[in-house]
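>>> my questions are about this predicted structure, shown below with the sequence.
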Amino acid sequence: MSKLLIFLLSLTLLLACHTAQKAQNPATAATPTSMAVKPKTDNPLVSWDKKLVDLGSVKKGEKRSMHFEFTNTSGVDVQLEGVSACDCTTVDYPRGVIPPNGKGKLDVVFDSKDKDESEKIDIDLIFKNTDAAGNPRIERVSYTFVLVK
């Protein structure tokens with residue numbers, strides 16, 4: 001992996017785990033954007049069935065599963081380099097090439113055992129594909145929950 005990619009993954013993981021959102025409605029809570037890695041928006045590589053999952057009420061210590069599905073709409077092969085998320089989140093993602101119009105799926109498991117408050121959790125997907133400037137293409141999906149102790 002390139003040094004830039006390792007830096008981006010480290011920064012995103014650090015921010016994802018330390019940006020708890022105290023809000024009455026965590027679905028509307030926003031991650032601070034001044035330091036967060038922002039997904040690229042020029043000509044999306046993929047289209048998503050959904051980019052946000054609201055888990056609703058989650059008891060402390062409970063595990064929840066969810067998935068995000070995407071379609072390669074870029075017209076070229078795409079491949080994920082890696083995925084970055086909070087330590088509370090396990091993501092299984094496709095590791096091979098996804099051809100144009102092909103589909104991919106993220107299987108996500110959230111473990112609330114170490115959580116003390118409601119949050120919005122971001123999952124950043126770093127693609128091997130790059131933009132015109134040679135930067136890695138990044139997509140972001142998220143989920144929210146209301147912690148019940």
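That came in fine, so what should we check first? Numbering: from 1, shown residues only.

>>> the helices in this structure, which residues?
3-17 (DSSP state H).

>>> so what's Ser112 up against?
58-64, 88, 145, 147 (C-beta atoms under 8 Å, 6 or more residues apart in numbering). Backbone N, C-alpha and C define where each C-beta goes, glycine included.

>>> please redo it, this time with the cut-off set to 7 Å
58, 60-62, 88, 147 (C-beta atoms under 7 Å, 6 or more residues apart in numbering).

>>> so which residue is dead centre in the chain?
Taking C-alpha atoms, centre = their mean, the centroid of the chain lies closest to Ile123, which sits 1.4 Å from it.

>>> excluding chain neighbours, what is closest to that one?
Ala85 (4.4 Å; C-beta to C-beta, 6 or more residues apart in numbering).

>>> number of nearby residues for that neighbour?
Per other C-beta atoms under 10 Å, the neighbour tally for Ala85 reads 23.

>>> so it is in contact with Val91, correct?
Yes - counting by C-beta atoms under 7 Å, Ala85 sits close enough to Val91 to count as a contact (5.6 Å).

>>> quick revisit: tell me the pLDDT of the residue nearest to Ile123.
For Ala85, the pLDDT comes out at 96.

>>> quick one: it and Asp49, what's the gap?
18 Å (C-beta to C-beta, to the nearest Å).

>>> can you check Phe110 too?
For Phe110 relative to Asp49 (C-beta to C-beta), the value is 18 Å.

>>> overlap in contacts of Ala85 and Val91?
With C-beta under 7 Å, 6+ apart as the test, Ala85 and Val91 both reach Ile123.
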